[in-house]
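Colleague: Here is a sequence with its predicted model. Questions after.
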Amino acid sequence: MTQIHPSAVVAPEATLGSDVSVGAFSVIGPGVTVGCGTTIGSHVLIDGITEIGERCQIFSHVVLGAPPQILEDRNQTTRLLIGDEAVIREFASVHRGSSKGRGTTVLGQRNFIMAYAHIAHDCVLRDDVVVASQAGLAGHVEVEERAVIGGQAGIHQFVRIGKYAMVGACSAVLQDIPPFLKAQGNRAKCYGLNTVGLGRHGISEEAILRLKQAYRLIFLSNLNTSQALERVAAEVGPCPEVDHLIHFIKTSSRGIAR
């Protein structure tokens, strides 16, 4: 059965699935949909057109679906979508999209958003992303699957973080972080492959070796980016991970962190 604390305020128009739990003094607005088995702690505010998946855990004082922090934006029809099995810890905030952006903020499945983290309007986080405590993602940031963003890191608007990348704590990220790499610093620079993370997630040794070859050509040679990518395509050989790395760099609009 769905359990709603007597002190919670749930709009009659809100849709709550079976086995949903809503804690004390939480407020759920009329445009909210909550999937089956999701737990909502105390003092949580869920507003706007917000869809939350199944079996999520939302801890106390979280704010979801609030308007984007844009002075001129008063649109009430933008959305926030959160996939299944997300964990959002205390005091974290995730804003809905903006009318001048994609209109929707999206969190994929099994995301882990730690305490006090902030995810701004129009961000897209793919599956299994970790955002550590007090990290902040500005508007329009895109994070591919299984990336990790360290505590107190700040990600500039429109930046992309590639899959399996790891951004160190307290970093200021102004340019794209390519997939499979580690990045650290103010301003963040790349420091080799995230080999520990790749191994943990079952990336083959052959793929890791090919990625190391590509990394040396792109980041440690005297070639410019176009020349390096041509050499990688010609010399490293067929590999889905390397192909994704090349595509990510070629499609970067802000440039990549070197």
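Modeller: That came through fine. Residues are numbered from 1 along each chain as shown.

Colleague: how about the residue nearest the centre of the chain, what does it touch?
Modeller: Of all residues in the chain, the one closest to the mean position by C-alpha atoms, centre = their mean is residue 125, 3.2 Å from it. Residue 125 is in contact with 106, 107, 108, 111, 119, 131, 142, 143, counting by C-beta atoms under 8 Å, 6 or more residues apart in numbering. Placement of C-beta: from N, CA and C, glycine included.

Colleague: Tell me which of these fall in strands.
Modeller: 106, 107, 119, 131, 142, 143 (DSSP state E).

Colleague: ok, what's across the strand from the third one?
Modeller: The residues paired with residue 119 through beta bridges, assigned by DSSP bridges, are residue 94, residue 137.

Colleague: Also the second one?
Modeller: Under the criterion DSSP bridges, residue 107 forms beta bridges with residue 82, residue 125.

Colleague: From residue 18, how far out is it?
Modeller: In this view, residue 107 and residue 18 are 22 Å apart by C-beta to C-beta, to the nearest Å.

Colleague: higher neighbour count, those two?
Modeller: Set residue 107 next to residue 18 and count neighbours by other C-beta atoms under 10 Å: residue 107 wins out with 27 against 10.

Colleague: Wait, the more buried one touches residue 87, no?
Modeller: No - the criterion here is C-beta atoms under 8 Å, and residue 107 misses it with residue 87 at 10.7 Å.

Colleague: Common neighbours of those two, please.
Modeller: Jointly contacting residue 107 and residue 87 under the rule C-beta under 8 Å, 6+ apart are residue 113.

Colleague: In contact with residue 83, which residues?
Modeller: Residues near residue 83 by C-beta under 8 Å, 6+ apart: 53, 107, 108, 109, 110, 111, 127.

Colleague: how many neighbours does the first one have?
Modeller: The local packing of residue 53 (other C-beta under 10 Å) involves 22 other residues.

Colleague: and what of the fourth one?
Modeller: Residue 109: 18 surrounding residues under other C-beta under 10 Å.

Colleague: Residue 57 now?
Modeller: Other residues within reach of residue 57, judged by other C-beta under 10 Å, total 16.

Colleague: for residue 191, same thing?
Modeller: Neighbourhood size, residue 191 [other C-beta under 10 Å]: 15.

Colleague: Disregarding flanking residues, what is the spatial nearest neighbour of it?
Modeller: Nearest non-adjacent residue to residue 191, counting by C-beta to C-beta, 6 or more residues apart in numbering: residue 182, 5.1 Å away.

Colleague: so the one you found sits in a strand?
Modeller: Yes - per DSSP: H, G, I helix; E, B strand; the rest coil, residue 182 lies within a strand segment.

Colleague: what's it in contact with, if anything?
Modeller: By C-beta under 8 Å, 6+ apart, residue 182 lies in contact with 165, 166, 168, 190, 191, 192, 193, 194.

Colleague: 6 Å instead, please
Modeller: Neighbouring residues of residue 182 by C-beta atoms under 6 Å, 6 or more residues apart in numbering: 166, 191, 192, 194.

Colleague: Could you measure from it over to residue 197?
Modeller: Taking C-beta to C-beta, one finds residue 182 at 9 Å from residue 197.

Colleague: where do the contact lists of the two overlap?
Modeller: Shared contacts of residue 182 and residue 197, defined by C-beta under 6 Å, 6+ apart, are found at residue 166.
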